[in-house]
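Trainee: The following block contains a protein sequence and its predicted model.
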Amino acid sequence: MNIHEYQGKALFKQHGVKVVEGVHCTSVSAALDAYDQLQSKVVAVKSQIHAGGRGKGNLYSPESRDLVMEGGVKIAFSKEDVETYATNILGNVLVTKQTGDEGKVVNHLYVESGCDIAHEYYLALLVDREQKSVLVMASTEGGMDIEEVAEETPELLHKLNIDPNAGLLGYQIRDLGLALGLQGAAHKSFGKMLKALYSLFLMEDCAMVEINPLVRSSDDEMIALDAKVSFDENAEFRHKSWDDIRDLSEEEDVEIRAKETGLSYVKLDGNIGCLVNGAGLAMATMDVIKLYGGEPANFLDVGGGANEEQVKTAFSIILEDPNVKGVLVNIFGGIMRCDIIARGVIAATESLGLTVPLVVRLAGTNVDEGKAILAASTLNIHPADDLAEGAQKIVKLIGGDV
Amino acid sequence: MAIWIEEDAKVLVQGITGKQGMFHADKMVEYGTNIVGGCTPGKGGQTVELQGNSYPVWNSMFEAIETTDADATVIYVPPPFAAEAIMEAADAFDQIKGEGVVVCITEGIPTLDMVKAVAFVENRPGVRLIGPNCPGIITPGDGGGAKIGIMPGHIHAKGRIGIVSKSGTLTYEAVAQTMSIDEGQSTCVGIGGDPVNGTGFIECLAAFEADSQTEAIVMIGEIGGNAEQEAAAWAKENVTKPIVGFVAGATAPPGKRMGHAGAIISGGKGTAEEKFEAFEAAGIACARDPSELGAVLLESLKAAGLR
């Protein structure tokens, strides 16, 4: 789960990570008030969306798609500048390297005091899957695309793994600070910040905290000028406050609805809907559709113990997508019995008035009963014995070349 | 011989009085698994009925292992308590026997809980953790065997193919593929789809290589991380038995989590293509369609003079 920069910075402040003063706004008038309130000659006016590359992104009108302004993060030197930038940002669509061509509508602004920058750094904490621990990454090359730094000048990207039993150790902080060339007050300030960030990372169940840029001010203080924070969704049960900061407008509506009914759904661009049990098999089903010349319309995992109602919900979610020209059901029954799935499929197709071709592949527990139920129905359901046959059949039925 | 779990292994069930725990404990007994009881804190002294027989429940894993001399435990505890259940089991096995296998089925455990739990288990070298978010481990026997998890027992048969996979139902698919060419399985291990887990591919490959019953290996990966690439490189140097592989997620879009918490292409890394390439570079015979796994395995067996 991602949060906005302004929310991340509120968390930083709360945990003792130094940030500059800023105000979250949702209107131009609020942005102007924020300018007055901050009493800073120079302020940054920053678009708030859940995607990176905002500074280099462009703003477009949502209707005409005409270019409104270049750059989603602007430096304002006057109240007039703030007015211009806030007007150009709010309600318009920001397209960045990470949003895709459709971009995202900007509903939130962050107006932040300026700061004297001596140098820009990069700092991130994340879970290292291979080392099974929290990894700190830091670089003197702040404000840049960190993947490029890793690729082109890996010696400038410093890494340290934190032993979960020992925690973040003094020598690790010292060494990392020195590797970044920090001395005196700046080195001390960096150590304080890193400790605070690690404690925040654990307490808030973060998946990632990225600060790009982290800056050293002219008076040698380390300040987080950006905040990209994401949480581990599995820990939601112990963070009631996430409900309040979750921005649902940043998430796919249908994916949220699927999740509420215990389904895992991801929309794709193709035209063959898939309904599968198990995440691995669901991915494999998409892959095989593609292998035989089709394009999957979605990823959908109904889970291990789906009932008739969930199968019906799954169908209705798949069919909401107007691109869907056919559906492939692929179930390997374990705990889930094929006869129950077969009944669910029939009930769903009847009640939803399915008009597109449907191929059903059943295997595993009670497969013979399941197949018999499908065969006895008067509905136009095409059976398949294995995944390859199922994929080939559905591709052919929607008029594709296998 | 199979790997880690013998056909008659004595198995405990953590969370045995819960709905999931009881349901699957019953299925395990039905398959022939030697279940010796279970553990639910606060319900010690009770019994549960599985397939018409009574099984004891203990308050703690220390009590349960001391009394039963269990070899393994399987965890069906909800996510908020699962990491602690893993650590309790690991501590008890370590102190009482110096060894044991902990299988965690639970899906949805916070990642940082697993970071802690995995470090805890790694400090107890005799203890092996399988999972979490996995179907478990099964060693089919002659009529029955040890099924420790949620996989459908009836699709398996004892044989010489070792299977290791990140996925649940895709593992069943692989099992069915081995059966389609009249091959059974030595042991099937689901290592789970979470970003931070216990036993990995390399440990499974090493165990299958050392196991006399296993003559060939099926390895199923998915997008996310680079465990498959590392395992492939390791296998090239260390595994002499034929390996057949598949990777799920060739059509998955970058940056999207595909069901499993760990199944995500991040920063352009962890794609299926990368993993297939690593497999092929290591001499692993790949199927691009899981329905072809049987055919590819058959060819590999023939090439190795095993058919």
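Mentor: Now that the structure is in, tell me what you want to look at.
Trainee: Which strands and helices lie in contact with the worst-scoring helix or strand of chain A on mean pLDDT?
Mentor: Taking mean pLDDT, DSSP states H and E as the measure, the helix or strand of chain A with the lowest value is helix A:146-152, at a mean of 85. Using 3 or more Cβ pairs under 8 Å, 6 or more residues apart in numbering or on different chains; DSSP states H and E, the elements in contact with helix A:146-152 are strand A:117-128, strand A:133-139, strand A:157-162. Glycine gets a C-beta too; all of them are placed from N, C-alpha and C.
Trainee: Give me the distance between the closest residue to chain A within the stretch 51-200 of chain B and residue B:206.
Mentor: Using Cβ to the nearest Cβ, the single residue of the stretch 51-200 of chain B nearest to chain A is residue B:167, 2.3 Å away. Distance, residue B:167 to residue B:206, by Cβ to Cβ, to the nearest Å: 21 Å.
Trainee: what does residue A:259 give?
Mentor: 38 Å.
Trainee: Quick check, the residue in the stretch 1-150 of chain A closest to chain B?
Mentor: residue A:129 (4.5 Å).
Trainee: where does that residue land on pLDDT?
Mentor: On the pLDDT scale, residue A:129 is placed at 92.
Trainee: Next, the contact list for it, please.
Mentor: When contacts are counted by Cβ atoms under 8 Å, 6 or more residues apart in numbering or on different chains, residue A:129 is found next to B:195, B:196, B:224, B:225, B:227, B:262.
Trainee: So among these, which ones count as buried?
Mentor: With burial judged by 16 or more other Cβ atoms under 10 Å in any protein chain shown, the buried subset of the contacts of residue A:129 is B:195, B:196, B:224, B:225, B:227, B:262.
Trainee: thinking again about what came up before, I'd guessed the residue of the stretch 51-200 of chain B closest to chain A sits against residue B:194; true?
Mentor: No - counting by Cβ atoms under 8 Å, residue B:167 does not reach residue B:194; the two are 11.9 Å apart.
Trainee: just checking, residue A:370 is part of a helix?
Mentor: Yes - checked against DSSP: H, G, I helix; E, B strand; the rest coil, residue A:370 lies within a helix.
Trainee: picking that back up, excluding its backbone neighbours, what's nearest the residue of the stretch 51-200 of chain B closest to chain A?
Mentor: residue A:280 (2.3 Å; Cβ to Cβ, 6 or more residues apart in numbering or on different chains).
Trainee: How far does the strand or helix carrying that neighbour sit from its chain's centre?
Mentor: Assigned by DSSP states H and E, residue A:280 belongs to helix A:279-291. With Cα atoms, centre = their mean, to the nearest Å as the basis, helix A:279-291 stands 22 Å off its chain's centre.
Trainee: swap in stretch B:285-302?
Mentor: For stretch B:285-302, the distance to the chain centre is 21 Å (Cα atoms, centre = their mean).
Trainee: Mind listing residues that contact that stretch?
Mentor: A:284, A:287-288, A:291, A:386-389, B:161, B:170, B:173-174, B:177-178, B:180-181, B:183, B:215-216, B:218, B:220, B:242-248, B:250, B:276, B:279-280, B:307.
Trainee: go on, stretch B:53-60?
Mentor: B:16-17, B:25, B:29, B:35-49, B:64, B:67, B:88, B:92.
Trainee: Mind doing that once more with 7 Å?
Mentor: For stretch B:53-60, the external contacting residues (Cβ atoms under 7 Å, 6 or more residues apart in numbering or on different chains) are B:16-17, B:35, B:37-44, B:46-48, B:64, B:67.
Trainee: And for stretch A:393-402?
Mentor: Here stretch A:393-402 makes contact (Cβ under 7 Å, 6+ apart) with A:271-272, A:289, A:292-294, A:325-326, A:328, A:357, A:359, A:382, A:384, A:392.
Trainee: What average pLDDT does that stretch get?
Mentor: When pLDDT is averaged over stretch A:393-402, the result is 87.
Trainee: Show me what counts as buried in that stretch.
Mentor: For stretch A:393-402, a neighbour-count test (16+ other Cβ under 10 Å) marks A:393, A:394, A:395, A:396, A:397, A:398, A:400 as buried.
Trainee: now do stretch B:229-236
Mentor: Buried-residue list, stretch B:229-236, by 16+ other Cβ under 10 Å: B:229, B:231, B:232, B:235.
Trainee: would JSON lines of those residues with distance to chain A and pLDDT be doable?
Mentor: Formatted as JSON lines, these follow (distance: Cβ to the nearest Cβ, whole Å; pLDDT from 0 to 100):
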{"residue": "B:229", "distance to chain A": "10", "pLDDT": "96"}
{"residue": "B:231", "distance to chain A": "12", "pLDDT": "97"}
{"residue": "B:232", "distance to chain A": "14", "pLDDT": "97"}
{"residue": "B:235", "distance to chain A": "17", "pLDDT": "98"}
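Trainee: Let me know the closest of these to residue A:80.
Mentor: residue B:229 (54.5 Å; Cβ to Cβ).
Trainee: which residue sits closest to the closest one, ignoring its sequence neighbours?
Mentor: In this structure, residue B:229 finds its nearest non-sequential neighbour in residue B:278, 4.1 Å apart by Cβ to Cβ, 6+ apart.
Trainee: What's the ChimeraX syntax to select whichever of the contacts of stretch B:285-302 are buried?
Mentor: In ChimeraX, a selection of the buried entries from the contacts of stretch B:285-302 looks like this (16+ other Cβ under 10 Å):
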select /A:284,287,288,291,386,387,388,389 /B:161,170,173,174,177,178,181,183,215,216,218,220,242,243,244,245,246,247,248,250,276,279
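Trainee: picking that back up, so which of the helices and strands packed on helix A:146-152 is the most surrounded?
Mentor: Greatest average neighbour count among the helices and strands packed on helix A:146-152 goes to strand A:133-139 (a mean of 22), per mean count of other Cβ atoms under 10 Å in any protein chain shown.
Trainee: quick one: low-confidence parts of chain A?
Mentor: Scanning chain A for pLDDT under 70 picks out A:401-402.
Trainee: residues in contact with the closest residue to chain B within chain A?
Mentor: Taking Cβ to the nearest Cβ, chain B has its nearest neighbour within chain A at residue A:280, 2.3 Å off. Contacts for residue A:280 were tallied using Cβ under 7 Å, 6+ apart; they are B:166, B:167, B:168, B:169, B:170, B:222, B:248.
Trainee: 6 Å instead?
Mentor: By Cβ atoms under 6 Å, 6 or more residues apart in numbering or on different chains, the residues touching residue A:280 are B:167, B:170, B:222, B:248.
Trainee: swap in residue B:193?
Mentor: Contact partners of residue B:193, counting by Cβ under 6 Å, 6+ apart, are B:133, B:166, B:260, B:262, B:263.
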